[in-house]
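Chemist: From the sequence below, what's the structure:
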Amino acid sequence: MDDLVAEARRVRKLLRATDLGGIDPRSTPGLSSRPAQPTQWSRAELGRVGVLLAAEQGKLYASAQAGGDRRRVLLVLQAMDTGGKDGTVRAVVGQMNPLGLSIASFRAPTPLELSHDFLWRIHNALPPAGYVGVFNRSHYEDVLAARVRELVPKRVWRSRYDQINAFEAMLVADGLTIVKVMLRISYEEQCRRLLARLDDPSKHWKFNPADLDDRALWPQYQAAYADVLARCSTPQSAWYVVPADRKWYRNWAVANLLLAHLTDLELHFPAGEFDVATQRARLEGSPDANNG
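Modeler: Sure thing, here's the model as predicted:
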């Protein structure tokens, strides 16, 4: 266990970023060489890390249920279309108990949501105490898509960076650990993944022609992502960039990021408020026990 936790913290340090420049979407930070069978290797490693993720999640959930502990964890996933958000949720978050998970996917805001501040719907989707939450897209859409598509004036989206930082600082102070992950894919890899959707009728439901409109704005999106890293990576709520062209690496890296943050909490199962020996004696002296 100690070796896995130490490795997770080493990977976390390598993936923390405030600048997109120089981050190769096909790179594999933390690995000295490519595994001979990367997909099989990644699945095996996810199994090992997943045991620890489930154990830490269990402690987090139990602490909230039994002792009123307000701590919880939020994994924020941001990426260009086909960047692997859904796949990451399946492969990594799927290692944990659904009982202590909350997953929110943010699409275009509804009329009700638009009638409120942009953070209103985000606040309503936050995980409760003891839970690991996942945001598949997030409040950062309001300084990414809203900016690039010119959905709001420049003065509006520019003011949101400070609002987001203040919002996240408030949440961290209230016991929320935020793990913000940008899945970085290349322009070429996105093309391959979009073509794969067109080639497979079972994936046509995932293809949206509007995605090609966003693809045409690739440089503008990269500039917007770069500003998010530069302006919203804080000591309390850092951004991590995971090279995501290689799905097997992406899953391994995100699992390690989650493990590093969960173990930082130094969680323990809460002690029972009773005398174990007394309760054991009651059980062993019960009529059912005597009849056994």
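Chemist: Just to be sure, residue 54 is in a strand?
Modeler: No: counting by DSSP: H, G, I helix; E, B strand; the rest coil, one finds residue 54 to be helix, located in no strand.
Chemist: Nearest spatial neighbour of it, chain-adjacent residues omitted?
Modeler: residue 96 (5.3 Å; Cβ to Cβ, 6 or more residues apart in numbering). (C-beta placed from N, C-alpha, C; glycine too.)
Chemist: Next one: the one you found, what pLDDT does it get?
Modeler: Here the pLDDT value assigned to residue 96 is 96.
Chemist: you'd agree residue 42 is up against residue 254?
Modeler: No: the pair residue 42 and residue 254 does not pass the contact test of Cβ atoms under 8 Å, sitting 11.1 Å apart.
Chemist: Need the CA coordinates for the strand or helix carrying residue 224. PDB is fine.
Modeler: Using DSSP states H and E, residue 224 sits within helix 218-232. Backbone C-alpha positions of helix 218-232 (Å, rounded to 0.1, in the frame of the first residue of the first chain) are rendered in PDB as follows:
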ATOM      1  CA  TRP A 218      -9.600  24.600 -31.800                       C
ATOM      2  CA  PRO A 219      -7.000  27.400 -31.400                       C
ATOM      3  CA  GLN A 220      -9.500  29.600 -29.500                       C
ATOM      4  CA  TYR A 221     -10.300  26.700 -27.200                       C
ATOM      5  CA  GLN A 222      -6.600  26.100 -26.500                       C
ATOM      6  CA  ALA A 223      -6.200  29.700 -25.600                       C
ATOM      7  CA  ALA A 224      -9.200  29.500 -23.300                       C
ATOM      8  CA  TYR A 225      -7.900  26.300 -21.600                       C
ATOM      9  CA  ALA A 226      -4.500  28.000 -21.200                       C
ATOM     10  CA  ASP A 227      -6.100  30.900 -19.400                       C
ATOM     11  CA  VAL A 228      -8.000  28.600 -17.100                       C
ATOM     12  CA  LEU A 229      -4.800  26.900 -16.000                       C
ATOM     13  CA  ALA A 230      -3.000  30.200 -15.500                       C
ATOM     14  CA  ARG A 231      -5.800  32.000 -13.600                       C
ATOM     15  CA  CYS A 232      -7.600  29.200 -11.700                       C
END
